[in-house]
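Novice: Any chance you could fold what I've pasted below:
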Amino acid sequence: MVFVRLFDNRTLALDCPPHSTDLRTLKLVVEARVGIPASLQRFLFSTSMLLHQCPGEKKLSEMGILCDSTLMLHLPLMGGMQAPVVPKPRLEFLNTKPPPNYVAGLGRGATGFTTRSDIGPARAAPDLPDRAATTIGGAAIGPPGGIGRGRGRGAGGPEDEEDDEADEKGYDENQKFDEFEGNDVGLFASAEYDEDDKEADAVWESIDKRMDSRRKDRREARLKQEIEKYRASNPKITEQFADLKRKLHTMSAQDWDSIPEIGDYSLRNKKKRFESFVPVPDTLLEKARQEKEHVTALEPKSMAAGGTETPWAQTPVTDLTAVGEGRGTVLSLKLDRLSDSVSGLTVVDPKGYLTDLKSMKITSDAEISDIKKARLLLKSVTQTNPKHPPGWIAAARLEEVAGKIQAARHLIQKGCEECPKNEDVWLEACRLASPDEAKAVIARGVKSISNSVKLWMQAAKLEHDDANKSRVLRKGLEHIPDSVRLWKAVVELANEEDARLLLQRAVECCPLHVELWLALARLETYDQAKKVLNKAREKLSKEPTIWITAAKLEEANGNTAMVGKIIERAIRSLQREGVVIDREAWMKEAEAAERAGSVATCQAIIKNTIGIGVEEEDRKRTWVADAEECKKRGSIETARAIYGHALTVFLTKKSIWLKAAQLEKSHGTRESLDALLRKAVTYRPQAEVLWLMGAKEKWLAGDVPAARAILQEAYAAIPNSEEIWLAAFKLEFENHEPERARMLLAKARERGGTERVWMKSAIVERELGNVSEERRLLEEGLKLFPSFFKLWLMLGQLEERIGNLEKAKQVYESGLKHCPNPTSVPLWLSVANVEERMNGLSKARAVLTTARKRIPQNQHLWLAAIRAEARHGKKKEADVLLAKALQECPTSGILWAASIELAPRPQRKSRSSEAVTRLTQDPYVTAEVAILFWQKRSIDKARTWFNRAVTHDPDIGDSWALYYKFELQHGTEDSQKDVLDRCVSAEPRHGPRWTQVSKAIENSHQPIEAILKKVVVALGKDEGFVVPECKY
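Specialist: Sure, this is the predicted structure:
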């Protein structure tokens, strides 16, 4: 690497090895980096070496330049504006020797002076000899002749001592120090550069090159970091306002007009200006008096003429025609000056008038004046350059806008005469001509320019019947047989048989246009179409559309087995021809084939092209993403083909099987879904979700025996799967087979089932009304799983149903001792509820306070305490608790919803605005805001916010019930049905009112539609219910 220091103290780091770079290459590299021409570059390597004198083919290493050497770039002052001035001869006395004792400037008092900088820094005084060593006469006492001090040469002066010291060191310290070479210039200036030195330099250069390559990446990274840091700390003005400039496109014309003008607010104009008043001169008063004076006598010249006429010299010229002609002459001279004297082309751009004149309307005298100016301008254009077609077109359109259609036709006719080979002039003449003369004009045009496709198309448009149009287009094809546009136009006008003949001729004249080949293949029979496509493939071997059309042809004729072979051959043939197979483009062709109904072609394209250009480790992720994108675009068959190919590669990937099953469930049939799931469980028999999905689809289809059979097969494949046991229980339980369900759960308990099995067993007994059996199962389950809070809840609820509140309280308290704090919230709520029913608010308040200390920052405990105070009319205490709850749980949606509900009516709007600002997508807040709009009779806004609430969290059944109740009051039958269908598909399970209704014994087998309607009835009875209390 070589460094070059520029004249502005910048240094360039050039990657130019000295052993392989010559001087000319170095100059070209500097010219590319800086922009300084190579001919002006001069390089200085040292204080005495100018590289410009060296030949350009000489290597840098041969000039003594090594790696990391620094060159100085010098630009000579080379002017080219004036000739060099001959120096004036020096005066005679300047060449003579000055007289003795002459001091320059002394005569005029310009005497010089000396400063510290002139004499240099102060130096220490030399050591003086000891006075004791000298005699009174001044003779030194020592060896005779000064022997010893000068080592045999005698005692010399200071200069002799410095010479001796220089001789001892080998160099002179006072010589000029080189900035780059140091003292080596003087040390090795006289040495010879032999082969050993050259070899040593080569070795050191290789070492420097090696070290430089090791440090290159680090140095470039550091340099890049320094540049980025500098640019970040010193941004340009354009970068500082870049974001503001991007926003300028959003400003409208009114915004631009409303920007105030910048006035002059400088201090100079703010100074108070004093007005000065001076007396009016007498001359001004005299002139005013003469102007208002009434003269009753005639002048002598008027009396000489008899007093009947005014002398001509006193009347100005009133010939306005002459004045207008003079102004026209001046304007024409100015326009003529605008023309280029060399090429004769005008510098006035007449094309601008082609668009401006279209929207011009003459409504005032000022616009008439503009028309006249434009007419003069375009007249100058057509006169200075009559072979310029846009000038004639602009002039004709100007006259058309001015309402002088005959003048426009006359001008464009002149343009046709001056520019007979320009088709735009003829098209403009045809447009301006009358309907009777248009055909004659276009006929002259096609005669002058027989190979103009636009003129032949315009001639065909002027004809009214298809026969004459076809005759004109065929005449044009005689002159331009290779015009694809004319062939397409004439084929569109012909019938099917004539179109086939015309296309046969068209592909002979235009063999490289694929659309003509494809159109001919569509009109031919199956056998002839194959021959046509084979010929097209010979002519256009790199066109993939022909292969795809051949595959579609085979599929349309029932030869689906040939489709895959054709696409496979197409890929191989195109790759041999050097065509790059673009996977995205072929996927688009597959989607187009799907839209055309060619499903087999779509599948073949996906099979042969989906893996091109995809790394092996990225195939699964890429293919799944492609299938999802196709699904979003509505290309279901393409997505199905992608999943099908992916499953042939990844046979054991459960995620791909699930996505393919979801696709079939949404867009396929029950038969296709069942076949896919059967195939899935064959390759993944240990996947529980695939077995359960197959059983559920059979159950939803009404085929309960088939669902039982699938679950039996799943149990055989996965004998210890609890999910399969519970699915079988649910199948029997929901189909009113309690004995089967009880038997399955008994077997599951015998095989060591988990706490869920014991809970389901208790649920069955509860529905059958066996209280003792239910209690037995719950107690046995609690012995095995004492930390499972749902068993404690069910046992406490059992005691509540039979009216034993004290026993229920003891059960809940026992559960609190065994269950960890995070899962014991429902038990605390149940204890508080029982205490409120037994002992009133004070006991319930104490229980909830203890619960909040044990489990801090729990929104459900705070909400239960707030609602307990509100139920007993303690509005102030409820507000205090709500404020504390929001401080401890600022992101709780149910607490913000409760604050909106409990706030006074005037404050609900501001409270809801604050809640929405803090929690933009919380379903509880959104539902509460929808209720506010409902109360204000803002129907559209309420519907929008209800839709947002069920979209944010579709698992909350109370939101669906509120939404459905709203639609029952203000919606149509279609909107009500839509909400009902969406709720059924969402299958909500949570919400206080929803769980109260859905978990009731009488509603255990009710569908979601019936439960939704019952929750709506319950909401109607409890108008104060707005916010869900808990999800448990």
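Novice: which residue sits closest to Ser69 in space, ignoring its chain neighbours?
Specialist: Leaving out its chain neighbours, the residue that sits closest to Ser69 by CB to CB, 6 or more residues apart in numbering is Val2, at 5.9 Å. Where C-beta positions appear, they are placed from N, C-alpha and C, glycine not excepted.
Novice: phi, psi of the one you found?
Specialist: phi -120, psi 140 (degrees, to the nearest 10).
Novice: What distance do you get for it to Glu538?
Specialist: 58 Å (CB to CB, to the nearest Å).
Novice: Between these two, which has more neighbouring residues?
Specialist: The neighbour count for Val2 versus Glu538, taken as other CB atoms under 10 Å, is higher for Val2 (21 against 10).
Novice: just checking, the more buried one touches Ser20?
Specialist: No: taking contacts as CB atoms under 8 Å, Val2 lies outside contact range of Ser20: 11.7 Å.
Novice: what mean pLDDT does the helix or strand that contains Leu284 have?
Specialist: Using DSSP states H and E, Leu284 maps to helix 282-291. Helix 282-291 comes out with an average pLDDT of 72.
Novice: Stretch 234-250 too?
Specialist: 77.
Novice: start to end distance for it?
Specialist: End-to-end distance of stretch 234-250 (CA to CA, to the nearest Å): 29 Å.
Novice: Which helix or strand contains the spatially most central residue of the chain?
Specialist: Nearest residue to the geometric centre of the chain (CA atoms, centre = their mean): Arg246, 13.5 Å. Secondary structure assignment for Arg246, by DSSP H and E: helix 242-246.
Novice: following that helix, which helix or strand shows up next?
Specialist: helix 253-257.
Novice: Point out where the stretch 251-400 of the chain drops to low pLDDT.
Specialist: Scanning the stretch 251-400 of the chain for pLDDT under 70 picks out 262-278, 280, 291-369.
Novice: residues in contact with the helix or strand encompassing Val916?
Specialist: Element membership for Val916 (DSSP H and E) is helix 908-918. Residues from elsewhere that reach helix 908-918 (CB atoms under 8 Å, 6 or more residues apart in numbering): 890-891, 896-897, 899-900, 903, 922, 925-926, 928-929, 932.
Novice: one step back: partners of the residue nearest to Ser69 in the sheet?
Specialist: Leu14 (DSSP bridges).
Novice: so how far is Ala519 from it?
Specialist: Taken as CB to CB, the span from Val2 to Ala519 is 65 Å.
Novice: Now Met72: closest residue in space that isn't a chain neighbour?
Specialist: Leu44 (4.1 Å).
Novice: Contact partners for the closest residue to Leu886 other than its chain neighbours?
Specialist: In space, Leu886 comes closest to Leu895 once its chain neighbours are excluded; the distance is 5.7 Å by CB to CB, 6+ apart. By CB under 8 Å, 6+ apart, the residues touching Leu895 are Gln859, Trp862, Leu863, Leu882, Ala885, Leu886, Cys889.
Novice: what does Thr622 give?
Specialist: With CB under 8 Å, 6+ apart, Thr622 has these contacts: Val614.
Novice: Low-confidence bits of the protein, can you list those?
Specialist: Within the chain, the stretches with pLDDT under 70 are 46-56, 77-95, 109-191, 262-278, 280, 291-369, 1021-1032.
Novice: how does it divide up, domain by domain?
Specialist: 2-74, 954-1031 (the TED database).
Novice: chain center to the first one, what's the gap?
Specialist: Between the mean C-alpha point of domain 2-74 and the mean C-alpha point of its chain there is a distance of 44 Å (CA atoms, centre = their mean, to the nearest Å).
Novice: what do you get for the last one?
Specialist: Going by CA atoms, centre = their mean, the spacing between the C-alpha centre of domain 954-1031 and its chain's C-alpha centre is 43 Å.
Novice: helices and strands around the helix of greatest length in the chain, which ones?
Specialist: Assignment by DSSP state H gives helix 195-233 as the longest helix of the chain. If contacts are counted by 3 or more CB pairs under 8 Å, 6 or more residues apart in numbering; DSSP states H and E, helix 195-233 sits against no helix or strand.
Novice: Give me the next element, helix or strand, following it.
Specialist: helix 237-240.
Novice: re the thing from before, what about the residue nearest to Leu886? Give its phi and psi, please.
Specialist: phi -70, psi -40.
Novice: Against Lys884, how distant is it?
Specialist: From Leu895 to Lys884 the distance is 10 Å (CB to CB).
Novice: Pull up the overlap in contacts between these two.
Specialist: Trp862.
Novice: ok now do the nearest residue to Cys16 once chain neighbours are set aside, which residues does it touch?
Specialist: Leaving aside its sequence neighbours, Cys16 sits nearest to Val2 (CB to CB, 6+ apart; 5.1 Å). Neighbouring residues of Val2 by CB under 8 Å, 6+ apart: Leu14, Cys16, Pro18, Thr21, Leu26, Leu60, Ile65, Cys67, Asp68, Ser69, Thr70, Leu71.
Novice: Report the buried members of those.
Specialist: Those of these that meet the buried threshold are Cys16, Pro18, Thr21, Leu26, Leu60, Ile65, Cys67, Ser69, Leu71, by 16 or more other CB atoms under 10 Å.
Novice: can you tell me which of those residues are in helices?
Specialist: Leu26.
Novice: Spell out which two among the buried ones among the contacts of Val2 are the most distant pair, please.
Specialist: Taking CB to CB as the measure, the buried ones among the contacts of Val2 span a maximum distance of 13.7 Å, between Leu26 and Cys67.
Novice: Quick check: the gap between the closest residue to Val825 other than its chain neighbours and Leu829.
Specialist: Excluding the flanking residues, the one nearest Val825 by CB to CB, 6+ apart is His860, at 5.6 Å. For His860, the distance to Leu829 (CB to CB) stands at 7 Å.
Novice: any chance of the domains of the chain in CSV, plus distance to Tyr643?
Specialist: Shown next, in CSV, are the domains of the chain (distance: least, CB to CB, whole Å):
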stretch, distance to Tyr643
domain 2-74, 52
domain 954-1031, 23
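Novice: Out of these, indicate the one that is most buried.
Specialist: Comparing the domains of the chain by mean neighbour count (mean count of other CB atoms under 10 Å), domain 954-1031 comes out on top with a mean of 17.
Novice: what about Lys373, how many neighbours?
Specialist: Around Lys373 there are 11 residues (other CB under 10 Å).
Novice: Do I have it right that Glu722 meets Gly752?
Specialist: No: applying CB under 8 Å as the test, Glu722 and Gly752 come out as separate, 9.6 Å apart.
Novice: Who has more neighbours out of those two?
Specialist: Applying other CB under 10 Å to Glu722 and Gly752 shows that Glu722 carries more neighbours, namely 16 against 10.
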